[in-house]
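Trainee: For reference, the sequence and a predicted model appear below.
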Amino acid sequence: MSRFVATPGAARAPFNRRDVVLALAGAAMPVGSVWAASTAASRLSGQLVFPRDHGAHPEFRTEWWYATGALTTTAGAVLGFQVTFFRTRVAKSGVSQPPTAGRFEPRQLLFAHAALTDVAARHLWHGQRVARWNGDPAARAARAARAARAARASLSDTAVAIGAWAFERRGDGSYHAQVSEPGVVLDLVLRPTQPLLLQGAQGLSRKGPDPAQASHYYSQPQLAVAGQVVRGEQAQAVTGTAWLDHEWSETLLPPQAVGWDWVGMNLDSGAALTAFRLRTASGEAVWAGGSWREPGGQPRVFAPGEVAFTPLRWWVSPATQARYPVVWRVATPMGAFEVSALLDAQELDSRASTGTVYWEGLSELLVPDTRRRVGLGYLEMTGHVAPMAL
């Protein structure tokens, strides 16, 4: 199930495929054993182990692999891209199916989003897919994945796919991102240039005042990108720099939070800036955090009171009437910065897959006084159309 739309003016899906898939999944779900909640709770504070933790964690409720970056064509055009795979456990009340469940007893859904921003043309292309997955890493799942719309995810390393869309970690540590749709193809290789960045306390990132409101979270900033982008009949070689987030949790949002604001910025100096806040409907911060890492250094982890987001300019979506801050002042212990969208209209209507509408777009990092650009990356804002439900 996929659909590409052009923005501005992204059209609402005629029906919500996600609701249909959820209904089908629920119809095929006998109640299983109550092993996942206890497993998730015990592992939440555990040390991350690689390459295992590059893979999927079906015992946890929510997970994503999130690749974003800035590309330059041989002609000098600037593009932004997003390739994201989401996994969600759809069992009732924290009851989950063991990974050995039969193929007709799926308790997982996989989603995928892709977006391509052309800054000069002021266009955004957005695609989405959704599929059921039973969490079974056995050979039969691999054979079934050869079907055009089959879904798969590895438990031992990053290898997630829905049909012709795939995101996989290769033997040399690089990632291969593939998105193939009529008129739009992304074929990108993302190579690490720096060690993994473990967010929070060695990969355990608090998301609220309750210790249970946390996630396992690591990033790979400063990824060197090379590959090809096809639009229509035109294929273009591209190079650039990307950022990868991999995050999974059982309970991510405090009950009073409706969404979050997040930035991941690759600085020209080689440093990496992460900043986020979870906020209420009135715009007040419930929790905040992030990190700063110099190339070759250790991360400086930000405490909740050390990060502040202040909106400076707003954009109103003509499609949803949502009001998004597209220029922010972000204060951190490493200084204050401006985060400014390179294109205002980067709202993603994903109601046909994850059921959400959010803003995700290529942005520049500026020194406030001189407005000198010091980095490029992505800004994400959720919960402006409706509260996030994870």
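Mentor: Everything's here; your move.
Trainee: so who does the nearest residue to residue 270 once chain neighbours are set aside touch?
Mentor: In space, residue 270 comes closest to residue 295 once its chain neighbours are excluded; the distance is 3.5 Å by Cβ to Cβ, 6 or more residues apart in numbering. (C-beta placed from N, C-alpha, C; glycine too.) With contact set as Cβ atoms under 8 Å, 6 or more residues apart in numbering, residue 295 has these partners: 194, 222, 269, 270, 271.
Trainee: And residue 265, by the same measure?
Mentor: 243, 272, 273, 274, 337, 339, 365, 375, 376, 377.
Trainee: what bridges to the second one?
Mentor: Listed by DSSP bridges, the beta-bridge partners for residue 272 are residue 266, residue 293.
Trainee: what's the answer for the fifth one, then?
Mentor: Beta-bridge partners recorded for residue 337 (DSSP bridges): residue 330.
Trainee: pretty sure it contacts residue 330?
Mentor: Yes - look at residue 337 against residue 330 with Cβ atoms under 8 Å: they come within range, at 5.2 Å.
Trainee: By neighbour count, which of the contacts of residue 265 wins?
Mentor: With neighbours set by other Cβ atoms under 10 Å, the maximum within these is found at residue 274, which has 28 neighbours.
Trainee: measure that one to residue 221 for me?
Mentor: Separation of residue 274 from residue 221 (Cβ to Cβ, to the nearest Å): 8 Å.
Trainee: any residues in contact with both of those two?
Mentor: With Cβ under 8 Å, 6+ apart as the test, residue 274 and residue 221 both reach 197, 264.
Trainee: Surely residue 276 and residue 291 touch.
Mentor: No - the pair residue 276 / residue 291 is not scored as a contact, 10.0 Å apart, by Cβ under 8 Å.
Trainee: and the residue nearest to residue 270, what are its phi and psi?
Mentor: Phi and psi for residue 295, reported as degrees, to the nearest 10, are phi -60, psi 130.
Trainee: Adjust the sequence numbering to begin at 238 for everything that follows.
Mentor: All right, first residue 238 from here; so that's residue 532.
Trainee: Just the CA atoms of whichever helix or strand residue 460 is part of, as CSV, please.
Mentor: Assigned by DSSP states H and E, residue 460 belongs to strand 451-468. C-alpha atoms of strand 451-468 as CSV (Å, rounded to 0.1, in the frame of the first residue of the first chain):
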residue,chain,number,x,y,z
ALA,A,451,12.0,6.5,28.3
SER,A,452,13.4,4.9,25.2
HIS,A,453,16.5,3.2,24.0
TYR,A,454,17.9,5.7,21.5
TYR,A,455,21.1,6.0,19.5
SER,A,456,22.1,8.2,16.5
GLN,A,457,24.6,8.0,13.7
PRO,A,458,25.3,11.6,12.7
GLN,A,459,27.6,12.8,9.9
LEU,A,460,26.8,9.8,7.6
ALA,A,461,28.4,10.3,4.1
VAL,A,462,25.8,9.7,1.4
ALA,A,463,26.2,8.8,-2.2
GLY,A,464,23.7,7.4,-4.7
GLN,A,465,21.1,8.2,-7.2
VAL,A,466,17.7,10.0,-7.2
VAL,A,467,15.3,9.5,-10.0
ARG,A,468,12.4,11.9,-10.6
